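Engineer: just coords:
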């Protein structure tokens, strides 16, 4: 059973930075994809970024490209989301997710098998 635990959310002013962490456990990750999604109040869950564990290939939503960076630490089994130049529209609950079924990165949340509990990010203007 895979478990994902997010941390690092909080309140930050516009233009600031936060780093989210997702600690994964329950298996050895190899040919898997780890993703970050977010859900803002009244909106659908939205893809943010993803990384392929074995190759560290990454993919970003256009809305965060150039501001957010996803990475992973194999020894710690942890995925990070470094968020810079945060804007009020980035306010959302951020979720870490694991896709253990595919070899390619998907932006579809239904492709992901396991989810964390989420961490709140609030950006004030």
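Structural biologist: Nice, I can see it. These numbers were taken from a predicted model, which means no experiment stands behind them.
Engineer: burial count for the closest residue in space to residue 92 that isn't next to it in sequence?
Structural biologist: Leaving aside its sequence neighbours, residue 92 sits nearest to residue 38 (C-beta to C-beta, 6 or more residues apart in numbering; 3.8 Å). All C-beta spots, glycine's among them, are computed from the backbone N, C-alpha and C. Residue 38 has 24 neighbouring residues, counting by other C-beta atoms under 10 Å.
Engineer: residue contacts, residue 38?
Structural biologist: Contact analysis of residue 38 by C-beta atoms under 8 Å, 6 or more residues apart in numbering lists 45-46, 48, 90, 92-95, 121.
Engineer: which of those residues lies closest to residue 111?
Structural biologist: Closest approach between these and residue 111, by C-beta to C-beta: residue 45, at 12.3 Å.
Engineer: which residues touch the closest residue to that closest one other than its chain neighbours?
Structural biologist: Nearest non-adjacent residue to residue 45, counting by C-beta to C-beta, 6+ apart: residue 39, 4.6 Å away. Contacts for residue 39 (C-beta under 8 Å, 6+ apart) come out as 45-46, 92-93, 95, 118.
Engineer: over to the spatially most central residue of the chain. Which of the three states is it?
Structural biologist: Closest to where the C-alpha atoms of the chain average out (C-alpha atoms, centre = their mean) is residue 36, at 2.1 Å. Secondary structure assignment for residue 36 (DSSP: H, G, I helix; E, B strand; the rest coil): strand.
Engineer: surely residue 22 and residue 114 touch.
Structural biologist: No - using C-beta atoms under 8 Å, residue 22 is not in contact with residue 114; the gap is 10.6 Å.
Engineer: so what sits against both of the two?
Structural biologist: Common neighbours of residue 22 and residue 114 (C-beta under 8 Å, 6+ apart) are residue 4.
Engineer: show me the strands in the chain, by range?
Structural biologist: Along the chain, the stretches classed as strands by DSSP state E are 3-7, 10-13, 18-25, 33-39, 46-52, 58-60, 68-73, 78-83, 92-99, 114-115, 119-124.
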